[in-house]
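J.: Predicted structure and sequence below. I'll ask about it afterward.
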Amino acid sequence: MKKTISVILIVVAFLIIYFLQSNFFTWFNIAGIMPNLFVILIVFVGLFAGKKLGLILGLIFGTCLDFFIGRYIGISGILLGTIGLLAEYCDKNFSKDSKITIILMVIVSTALFEIGIYVFSLIRNSIDAEILPFIKILVIEIIYNILISIIIYPLIHKLGYALENTFKTKTIMTRYF
C-alpha cells in the first residue's frame, strides 16, 4: 500500500513539474533557456527508489512528455529511462549523502539527455551541427539545473530517504528449526 501511494505521489510530482516547466519557467528563463526538472526527478527516483522504478518511470514520463510537447515519440522516454537506470547504478556505487555527488549526477544526466535529443534531431532532420550554440544552451541548462538541485537538495534528501525506506526494505527471513 505504501509503495502505491509513493508512486502516486511521484506521478503528482511529475504533473507539478510539468506545470512548472510549461508555465512558471517560461517567465523565469536564462537567455531563453529553461531548466529540465524532469531529469532531476528521474535522477531522484532512480537514486532513492531503485528496483528498476527509475527505468520504468523514466520510460513512462518521457513518453508522456513526447505526447504533451509534441517532439519525436519515444526518444525522451528512452533517454529518461536510461537516466533512471544510471541513477540506480550510481546508488550502488556512490554516496547519496554528498551534495556534490548529487550535483555531478545532475550534470551528467542533463548532458546525456540534451546531447541525446540533439543527436537524434540532427539525424532525424539531417541538418548541419551547430556546436557552439548547442554548447551554450547545454552549459546554461546545466547551470540552471545545478542551482535548482542545490536549492531543493534538503527536500530531495529528506523525501529520498523516505522513498528509500518504502521501496528498499530488506526483509530478513530467519529459519527456526
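T.: The structure has been received and is ready for your questions.
J.: so what pLDDT did residue 113 get?
T.: If you check residue 113, the pLDDT there is 92.
J.: could you point out which element follows the one helix or strand it maps to?
T.: Using DSSP states H and E, residue 113 sits in helix 99-125. On the C-terminal side of helix 99-125, the nearest following helix or strand under DSSP H and E is helix 131-167.
J.: pLDDT averaged over that next one, what's the number?
T.: On average, helix 131-167 scores 87.
J.: ditto for stretch 14-29
T.: 84.
J.: Check the separation of the first and last residues in that stretch.
T.: This stretch, stretch 14-29, spans 20 Å end to end (CA to CA, to the nearest Å).
J.: If you count neighbours, what's buried in it?
T.: 14, 17, 18, 20, 21, 25 (16 or more other CB atoms under 10 Å). Where C-beta positions appear, they are placed from N, C-alpha and C, glycine not excepted.
J.: what's in contact with that stretch?
T.: Residues outside stretch 14-29 that contact it (CB atoms under 8 Å, 6 or more residues apart in numbering): 34, 35, 36, 37, 38, 41, 57, 61, 64, 65, 68.
J.: quick revisit: closest to residue 146 among the buried residues of stretch 14-29?
T.: When these are compared for distance to residue 146 (CB to CB), residue 25 comes out closest, at 15.1 Å.
J.: Could you say which helix or strand holds the closest one?
T.: helix 25-27.
J.: Distance check, residue 12 against residue 63.
T.: 18 Å (CB to CB, to the nearest Å).
J.: higher neighbour count, these two?
T.: When residue 12 and residue 63 are compared for neighbours, residue 63 comes out ahead with 18 against 10, by other CB atoms under 10 Å.
J.: Could you look up the SS state of the more buried one?
T.: At residue 63 the chain is in helix, as set by DSSP: H, G, I helix; E, B strand; the rest coil.
J.: so it sits right up against residue 75, yeah?
T.: No: the criterion here is CB atoms under 8 Å, and residue 63 misses it with residue 75 at 9.5 Å.
J.: if we can go back for a sec, need the buried residues of stretch 14-29 in a markdown table with distance to residue 129 and secondary structure, can you?
T.: Shown next, in a markdown table, are these (distance: CB to CB, whole Å; DSSP: H, G, I helix; E, B strand; the rest coil):
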| residue | distance to residue 129 | secondary structure |
| --- | --- | --- |
| 14 | 32 | helix |
| 17 | 30 | helix |
| 18 | 30 | helix |
| 20 | 31 | helix |
| 21 | 26 | helix |
| 25 | 27 | helix |
